[in-house]
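S.K.: Provided below for reference: sequence and predicted model.
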Amino acid sequence: MLQKLFKLRENNTNVKTEIVAGITTFMTMAYILAVNPSILSDAGMDSNAVLIATCLASFFGSICMAFMANLPFALSAAMGPNAFLTYTIVCGHGISWQVALFAVFIEGLIFIALSLTNVREAIFNSIPLSLKQGISIGIGLFIAFIGLQNAGLCVDASTLVTITSFTENFNTKGICALLAVAGVLVTAILHIRKVKGDILFGIIITWCLGMVCELLGIYIPNPEIGCYSLFPVGFINTDFSALGKTFGECFNFDFSNIEIINFIVIVFSFLFTDLFDTLGTLIGVSTKANMLDEDGNLPNIKPALLSDALATSVGAVFGTSTTTTFVESSAGVAVGGRTGLTALTTAVLFLISTLFSPLFTSIPSFATAPALIFVGFLMFEEVMRLKISGENLAEAIPAYLCIIAMPLFYSISEGICIGVISYVILQAATGKAKKISPLMYILSVLFVLKYIFL
């Protein structure tokens, strides 16, 4: 049944590979179950309610991706929009979280309309192959940078970032950073030796090493600095009543307390970030998985985009910020995930996590960080396909700018903006204006206006 439903043979995969890929994707995404409630609770939302809402929105979105698009991409509450909702809209402008969630709901409806009218698909197809390759590489560096931060290896400094001191706070953050380094090496060894499920095993082995260190007294939990016990404090949660504190609350507010212009700006801020973060993720992960056709387009992109749009609106009703396709899906793709069965596996695990949330939220960030760092390397392999010569510098330079912008500006969408603007300018200035599609001109103008007005 699974073979027929997900066309496994046609995609050169099997049930075991897809399930391992789905588990791997979930393990690299599981941090959102701890991070999203922490961020949105600062906006006044109940953290338990947000946790359940995040699980349900992730389940719904990933199920849609599995059955509507048959693609191995999982969805959950996006990092970035959640912080924007909390610290900019609610804390910065004093707007209620209910209004902010309603803006997310409206944004999702607009996305649904754009997906049904082929606008998002046309945008995806208009981006040249060189930029798509650049986006893939840039996302690889971006998620590797996230992994370095989650591992505690990359920390703030007078130079903006630097490597951590392993000896300072050795029994807490120092040993965690070393364990993350060990995790990268373990994952690399498993990958070189062609062990199936190498990234998943890397996560589990790193976590187990951490628990051994805690037993030996090498790692000492210190909640005051965010270092907790590596052993699960519980396994099962059966109280779902907290969901009532956020479910449907996006419709429960007094609209007279907000100016319509401000509300429109909020909606389009969410809209812009979601649109190009999603497109960037789909481009990057699809390129790594060799899912693009000879023209650089992704088959079944319309149902993929529609799944993303539906998940955003439904997630807002549950009580969470923008739900979108996760770049961590690349971890599952890296271990062989190619169909919707990968997404279905991840969806089921998100649903199960509503019951076993204490277990899943116990996965330490230093254990999942090596997976992100290593997947960054796998996506960076795409740089070998970029042909850089005097004849195509107008193609290569925008790709390069796109690559460096994503990690340095900490945004997939900013990388796409800079890549598109520079591509149009360089192509037009070097007498190759006819190569540029009309939609690329429109996008570049919109991106420039975005920097001016948003």
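M.R.: Received the coordinates, thanks. Numbers count the residues shown, from 1 in each chain.

S.K.: Strands of the stretch 201-350 of the chain, start to end?
M.R.: Applying DSSP state E, counting those that start in this stretch to the stretch 201-350 of the chain gives strands spanning 323-325.

S.K.: So which bits of stretch 164-183 are buried?
M.R.: Residues 164, 166, 169-183 are the ones in stretch 164-183 that count as buried (16 or more other Cβ atoms under 10 Å). In this view, the C-beta of every residue, glycine as well, is placed from N, C-alpha and C.

S.K.: Also stretch 335-353?
M.R.: Neighbour counts over stretch 335-353 (16+ other Cβ under 10 Å) mark 335-351, 353 as buried.

S.K.: before we move on, what about stretch 275-295?
M.R.: For stretch 275-295, burial by neighbour count (16+ other Cβ under 10 Å) applies to 275-289, 291-292.

S.K.: can you count the residues close to the residue lying closest to Ala343 once chain neighbours are set aside?
M.R.: Nearest residue to Ala343, sequence neighbours excluded (Cβ to Cβ, 6 or more residues apart in numbering): Ala66, at 4.0 Å. For Ala66, the neighbour count with other Cβ atoms under 10 Å is 27.

S.K.: Before we go further, Ala66 is sitting in a helix, right?
M.R.: Yes. Per DSSP: H, G, I helix; E, B strand; the rest coil, Ala66 lies within a helix segment.

S.K.: so who does it touch?
M.R.: Phe6, Gly340, Leu341, Thr342, Ala343, Leu344, Ala347 (Cβ atoms under 8 Å, 6 or more residues apart in numbering).

S.K.: Now with 6 Å, please.
M.R.: Counting by Cβ atoms under 6 Å, 6 or more residues apart in numbering, Ala66 touches Gly340, Ala343, Leu344.

S.K.: And Leu129, by the same measure?
M.R.: Gly296.

S.K.: Centroid-nearest residue for this protein?
M.R.: Phe326 (3.1 Å; Cα atoms, centre = their mean).

S.K.: how close does that one sit to Phe142?
M.R.: Distance, Phe326 to Phe142, by Cβ to Cβ, to the nearest Å: 12 Å.

S.K.: Please apply the same query to Val333.
M.R.: Remark: distance between Val333 and Phe142 (Cβ to Cβ) = 16 Å.

S.K.: again with Asp277
M.R.: Distance of Asp277 to Phe142, computed by Cβ to Cβ: 11 Å.

S.K.: what about stretch 4-18, start to end distance?
M.R.: End-to-end span of stretch 4-18 (Cα to Cα, to the nearest Å): 14 Å.

S.K.: Then stretch 228-236?
M.R.: 19 Å.

S.K.: Would you indicate which residues of it are buried?
M.R.: Here stretch 228-236 shows Leu230 as buried, counting by 16+ other Cβ under 10 Å.

S.K.: Contacts for that stretch, please.
M.R.: Stretch 228-236 is contacted from outside by Gly210, Met211, Glu214, Pro221, Leu355, Pro358, Leu359, Ser362, Pro364, using Cβ under 6 Å, 6+ apart.

S.K.: contacting residues for the second one?
M.R.: Contacts of Met211 were listed using Cβ under 6 Å, 6+ apart, and they are Leu230.

S.K.: what about it, distance to Gly280?
M.R.: According to Cβ to Cβ, Met211 stands 36 Å off from Gly280.

S.K.: and if you look at Leu116?
M.R.: Distance from Leu116 to Gly280, by Cβ to Cβ: 21 Å.

S.K.: and Gly210, how many residues sit next to it?
M.R.: Other residues within reach of Gly210, judged by other Cβ under 10 Å, total 23.

S.K.: Could you report the pLDDT at it?
M.R.: At Gly210, the predicted lDDT confidence score is 96.

S.K.: wouldn't it be in contact with Ala177 here?
M.R.: No. Between Gly210 and Ala177 there is no contact under Cβ atoms under 6 Å: 11.5 Å.

S.K.: correct me, but Phe166 touches Gly174?
M.R.: Yes. Between Phe166 and Gly174 there is a contact under Cβ under 6 Å: 4.7 Å.

S.K.: which one's the longest helix in the protein?
M.R.: helix 260-288 (DSSP state H).

S.K.: tell me the mean pLDDT for it?
M.R.: Mean pLDDT, helix 260-288: 79.

S.K.: ok now that helix, how far from the chain's centre?
M.R.: With Cα atoms, centre = their mean, to the nearest Å as the basis, helix 260-288 stands 12 Å off its chain's centre.

S.K.: can you count the residues close to the closest residue to Phe263 other than its chain neighbours?
M.R.: Leaving aside its chain neighbours, Phe263 sits nearest to Ala103 (6.4 Å; criterion: Cβ to Cβ, 6+ apart). Residues lying near Ala103 (other Cβ under 10 Å) number 28.

S.K.: Could you report the distance from Ala103 to Tyr87?
M.R.: For Ala103, the distance to Tyr87 equals 15 Å [Cβ to Cβ].

S.K.: where in the stretch 201-350 of the chain is pLDDT low?
M.R.: Scanning the stretch 201-350 of the chain for pLDDT under 70 picks out the ranges 257, 295.

S.K.: Now do the same contact list for the residue lying closest to Ala289 once chain neighbours are set aside.
M.R.: Spatial nearest neighbour of Ala289, excluding adjacent residues (Cβ to Cβ, 6+ apart): Val333 at 4.5 Å. Counting by Cβ under 6 Å, 6+ apart, Val333 makes contact with Pro72, Val285, Lys288, Ala289.

S.K.: ok, now His191?
M.R.: Asp198.

S.K.: now do 10 Å
M.R.: His191 sits next to Asp198, Ile199, Phe201, Gly202, Ala334, Val335, Phe374, Phe377, Leu378 when contact means Cβ atoms under 10 Å, 6 or more residues apart in numbering.

S.K.: doesn't Ala367 make contact with the third one?
M.R.: No. Counting by Cβ atoms under 10 Å, Phe201 stays clear of Ala367, with 11.4 Å between them.

S.K.: More neighbours: which of the two?
M.R.: Set Phe201 next to Ala367 and count neighbours by other Cβ under 10 Å: Ala367 wins out with 30 against 18.

S.K.: that's a helix at that one, yeah?
M.R.: Yes. Assessed with three-state DSSP, Ala367 lies in a helix.

S.K.: returning to that earlier point: give me every residue that touches the residue nearest to the centre of the chain.
M.R.: Counting by Cβ under 10 Å, 6+ apart, Phe326 touches 25, 28-29, 32, 58, 61-62, 73-79, 143, 277-278, 281, 285, 332, 346.

S.K.: Is there a neighbour count for Ala34? I'd like the number.
M.R.: Per other Cβ under 10 Å, the neighbour tally for Ala34 reads 18.

S.K.: What of the one 5 residues further on?
M.R.: Other residues near Ile39 come to 21 when the count uses other Cβ under 10 Å.

S.K.: nearest residue to it other than its sequence neighbours?
M.R.: Leaving aside its sequence neighbours, Ile39 sits nearest to Asn82 (Cβ to Cβ, 6+ apart; 4.8 Å).
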